[in-house]
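Asks: Quick one: sequence plus predicted model below, questions after.
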Amino acid sequence: MKITVDVDCTPEEARRFLGLPDLTPVHDAYVEKMRAMVSDGVTPEMFGDVMKSWGPMSEAGMNLWRQMLEQMSGKR
């Protein structure tokens, strides 16, 4: 026997129901810092240093970011 239950709720309602913390202020601060970095004209090296300190990324993840930034800046 198979039973399917559909729950219609917003992400906020689901977060509260599951007891997860509201990380909206953290996300907003992170996005604002990223916007400031982009508008101030940072180098890919500075961006990589910030990503290493802010996010739990492996070396493979950092290589992916590095390649993306090099392609965007025209370096290769």
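Replies: Yes, it's here.
Asks: any idea of the mean pLDDT in the helix or strand where Glu45 lies?
Replies: In the assignment (DSSP states H and E), Glu45 maps to helix 44-54. For helix 44-54, the mean pLDDT works out to 70.
Asks: Quick check: buried residues in the next helix-or-strand element following that helix?
Replies: Following helix 44-54 in sequence order, the next helix or strand is helix 59-73 (DSSP H and E). Counting neighbours by 16 or more other CB atoms under 10 Å, one finds that the buried residues in helix 59-73 are 65-66, 69. Where C-beta positions appear, they are placed from N, C-alpha and C, glycine not excepted.
Asks: lowest-confidence helix or strand of this structure?
Replies: Taking mean pLDDT, DSSP states H and E as the measure, the chain has helix 44-54 as its least confident helix or strand, at a mean of 70.
Asks: does Met34 sit in a helix or strand, and which one?
Replies: Assigned by DSSP H and E, Met34 belongs to helix 24-40.
Asks: Buried residues, that helix. List them.
Replies: So, applying 16+ other CB under 10 Å, helix 24-40 has no buried residues.
Asks: So what touches stretch 15-26?
Replies: With contacts defined as CB atoms under 8 Å, 6 or more residues apart in numbering, stretch 15-26 is touched by Cys9.
Asks: Endpoints of that stretch, how far apart?
Replies: Terminal residues of stretch 15-26 are spaced 15 Å apart (CA to CA, to the nearest Å).
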